[in-house]
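Asker: What follows is a predicted protein model with its sequence.
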Amino acid sequence: MARLPGGISASVQRLSYEPPEWEVAGLHLRRYTARDQEAAFNLHQECLLRVGVRPGDGVYYDDDFARIEEIYLRDRGEFLVGEVRGEMAALGGLRRVDAVTAEMVRLRVRPDLQGRGYGALLVTVLEQRAAELGYRVLRADTTVRQRAALALYRTFEWREVDRKVTGGTVTVYLEKRLDEGAPGEGAGPVR
């Protein structure tokens with residue numbers, strides 16, 4: 001069971017292991033395919049614009065979207081998209097840093113669907129995938145403008161390890177050791 005906002009529990013059903021696929025609370029999570037590129041990129045841009053992160057600010061980057069299969073899927077990572085009623089609603093990825101460390105990146109939930117627990121479900125599933133892929137440490141970064149993302153990481157017991165100012169934007173760097181507790185602890189196991 002996964003915990004959603006308001007203390008609601010939802011059953012997370014794993015539909016497939018390879019390629020990975022889950023269904024929960026109306027969100028269908030699955031591995032990215034090339035046909036998702038445009039919708040994923042558009043969602044990424046929409047979410048960052050909502051919090052004031054823009055191209056040229058020294059924080060914004062998007063060069064990985066044209067190479068998701070190469071950067072994530074072919075290099076011991078993962079990239080998931082979530083759909084609600086057949087439309088792109090969420091996304092998130094794991095990018096390999098080294099043999100034991102992965103970076104959780106691109107956590108995005110469509111603004112009109114935020115507050116439903118989809119971000120927590122993404123973190124839960126991506127933590128599980130990282131453990132399945134053999135990673136012991138997860139890293140992430142977000143900006144202080146992305147308050148919901150910071151709160152989400154803290155809920156999952158990620159710890160802040162650094163802050164840097166770039167172009168007037170404060171970036172917060174976070175880390176979680178997967179070997180100190182079960183992936184997704186606090187949100188319930190993902191099956």
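Answerer: The structure has been received and is ready for your questions.
Asker: which stretches of the chain aren't confidently modelled?
Answerer: By pLDDT under 70, the low-scoring segments of the chain are 1-11, 53-61, 181-191.
Asker: Tell me where it has helices.
Answerer: Counting by DSSP state H, the chain has helices at residues 37-50, 68, 118-132, 147-155.
Asker: Please list all residues in contact with residue 31.
Answerer: Under the criterion of Cβ atoms under 8 Å, 6 or more residues apart in numbering, the neighbours of residue 31 are 19-21, 73, 78-81. Glycine gets a C-beta too; all of them are placed from N, C-alpha and C.
Asker: one more time with 10 Å, if that's ok
Answerer: Counting by Cβ atoms under 10 Å, 6 or more residues apart in numbering, residue 31 makes contact with 16, 18-21, 72-73, 78-81, 129.
Asker: For it, give the beta-bridge partners.
Answerer: Each beta-bridge partner of residue 31 is listed here, defined by DSSP bridges: residue 80.
Asker: Do a quick rundown of the strands in this structure.
Answerer: 2-4, 8-10, 13-17, 20-24, 27-31, 78-84, 87-96, 101-109, 137-143, 159-166, 169-177 (DSSP state E).
Asker: returning to that earlier point: spatially, which two of the contacts of residue 31 are the most separated?
Answerer: For the contacts of residue 31, the maximum inter-member distance is 18.1 Å, found between 16 and 72 (Cβ to Cβ).
Asker: between those two, who's got more neighbours?
Answerer: Counted by other Cβ atoms under 10 Å, residue 16 and residue 72 do not tie: residue 72 has more neighbours, with 23 against 10.
Asker: How much space separates that one from residue 117?
Answerer: Counting by Cβ to Cβ, to the nearest Å, the separation of residue 72 from residue 117 is 24 Å.
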